[in-house]
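[1] Here is my input, please return the structure:
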Amino acid sequence: MSISAAQVKELRERTGLGMMECKAALQETQGDMEAAADLLRKKAGAKVEKKAGRTAAEGAIGLYVSGDRRLAAMVEVNSETDFVAKGEDFLGFANACAATVAESRPADVEALYGQPLKDAGGQSVAQAREGLVMKLGENIGVRRFVRLQSAQGRLGSYVHGRKIGVVVEVEGGDEALAKDLAMHVAASKPECVSKDQVPADLIAREKEIFAEQARQSGKPANIIEKMIEGRINKFLNEITLLGQPFVKDPDTTVEKLLKSAGAKVVRFTRFEVGEGIEKKSGDFAAEVMAQVKGG
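    So this is what the prediction gives:
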């Protein structure tokens with residue numbers, strides 16, 4: 001039967017898929033719009049399965065922060081290439097996932113997939129993801145998320161270049177300070193807020209390494225002990241937020257900055273896209289050709 005351009009346009013707007021795919025689906029279903037949409041979803045499922053095993057170590061950070069700065073959510077959504085992660089569709093999905101986390105409070109990623117995606121007309125996160133996979137041709141998935149709510153303070157946030165995201169809970173100070181602290185965490189990568197949060201086994205391991213290095217110096221035992229103590233203090237300052245030099249003013253520490261502002265950092269979360277994911281190396285051109293041939 002004859003399929004009109006208006007029908008193809010409507011199906012494209014509903015599914016986000018290409019003109020030829022939509023036209024073929026309408027022809028196969030004799031112009032039935034609902035059946036054509038279902039057919040495309042079924043085909044998308046097959047494509048999703050094909051792409052699921054491919055490494056997705058690129059991506060973007062999605063962020064949601066409420067107007068009163070008391071509620072925030074952050075997600076990492078992965079793709080196979082940075083090119084796809086830069087697209088408006090991908091970034092929109094990432095931010096919508098963050099808003100969904102904030103609103104729905106899912107227990108984990110699997111639970112998030114079952115939730116209605118924010119402002120997606122009732123479509124679930126899983127369905128929206130499947131649509132993106134089919135449209136963009138890559139393995140795409142939500143890797144992790146965090147939801148923070150502050151009863152007494154405010155939440156500072158910062159996303160750097162789509163790939164690094166930070167949320168900091170601060171009591172006292174102002175909104176500018178909270179944002180500055182989030183930017184600092186993004187740049188300096190502290191592992192925890194203060195020295196008392198550093199695991200004892202980590203300190204013991206570092207102390208053993210420093211002790212061996214100091215003994216090799218041949219200095220007296222009392223000097224060696226002071227050397228070890230000094231190196232441990234330096235190590236703790238390097239990995240704790242309070243001990244680090246503030247990025248905007250390296251002459252002062254974050255701890256001194258907070259004291260001068262009468263503020264306190266309660267906690268923070270820092271996501272960096274792809275951290276901990278082992279990227280596969282290979283012939284990129286060959287991979288592209290394989291994708292083109294395999295659909």
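[2] Pull the contacting residues for Asp249.
    Taking Cβ atoms under 8 Å, 6 or more residues apart in numbering, we find Asp249 in contact with Leu257. To be clear about C-beta, it is placed using only N, CA and C from the backbone, and glycine gets the same treatment.
[3] Quickly list what it is bridged to.
    Counting by DSSP bridges, Asp249 is bridged to Phe246.
[4] Show me what whichever helix or strand Lys135 is part of is packed against.
    Element membership for Lys135 (DSSP states H and E) is helix 125-136. With contacts taken as 3 or more Cβ pairs under 8 Å, 6 or more residues apart in numbering; DSSP states H and E, helix 125-136 sits against helix 33-51, helix 88-104, helix 109-113, strand 141-149.
[5] Out of those, the one nearest Ala57 is which?
    In this view, the helices and strands packed on helix 125-136 are compared for proximity to Ala57 by Cβ to Cβ, and strand 141-149 is the closest at 9.7 Å.
[6] ok, and what's touching the next helix or strand after the closest one?
    Reading on from strand 141-149 to the C-terminus, the next helix or strand found by DSSP H and E is strand 154-160. Strand 154-160 is contacted from outside by 61, 63, 65, 69-72, 74, 148, 165-170, 175, 177-183, 185-187, using Cβ under 8 Å, 6+ apart.
[7] The residue lying closest to Gln7 once chain neighbours are set aside: how many residues sit nearby?
    With sequence-adjacent residues excluded and distances taken as Cβ to Cβ, 6 or more residues apart in numbering, Gln7 is closest to Leu26, at 5.6 Å. When counting by other Cβ atoms under 10 Å, one arrives at 24 neighbours for Leu26.
[8] mind checking the SS state of Leu26?
    Here Leu26 is recorded as helix under DSSP: H, G, I helix; E, B strand; the rest coil.
[9] Thought Glu10 was touching it, still the case?
    No - between Leu26 and Glu10 there is no contact under Cβ atoms under 8 Å: 9.4 Å.
[10] Identify the contacts common to these two.
    What both Leu26 and Glu10 touch, as defined by Cβ under 8 Å, 6+ apart, is the set Met33.
[11] Put the buried members of the contacts of strand 154-160 into a PyMOL selection.
    Applying 16 or more other Cβ atoms under 10 Å to the contacts of strand 154-160, the buried members can be selected in PyMOL as follows:
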select buried, resi 61+63+65+69+70+71+72+74+148+165+166+167+168+169+170+177+178+179+180+181+182+183+185+186
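[12] Out of the contacts of strand 154-160, name the ones that lie in helices.
    Judged by DSSP state H, the subset of those located in helices is Glu175, Leu177, Ala178, Lys179, Asp180, Leu181, Ala182, Met183, Val185, Ala186, Ala187.
[13] Tell me which two of the residues you listed sit farthest apart.
    Maximum distance among the ones in helices among the contacts of strand 154-160 (Cβ to Cβ): 19.0 Å, for Glu175 and Ala187.
[14] so what are the domain limits for the protein?
    5-51, 54-149, 156-188+249-275 (automatic domain parsing).
[15] any idea of the mean pLDDT for the first one?
    What it means is domain 5-51. Computed over domain 5-51, the mean pLDDT rounds to 75.
[16] Please apply the same query to the second one.
    This predicted structure assigns domain 54-149 an average pLDDT of 93.
[17] distance between that domain and the chain's centre?
    With Cα atoms, centre = their mean, to the nearest Å as the basis, domain 54-149 stands 9 Å off its chain's centre.
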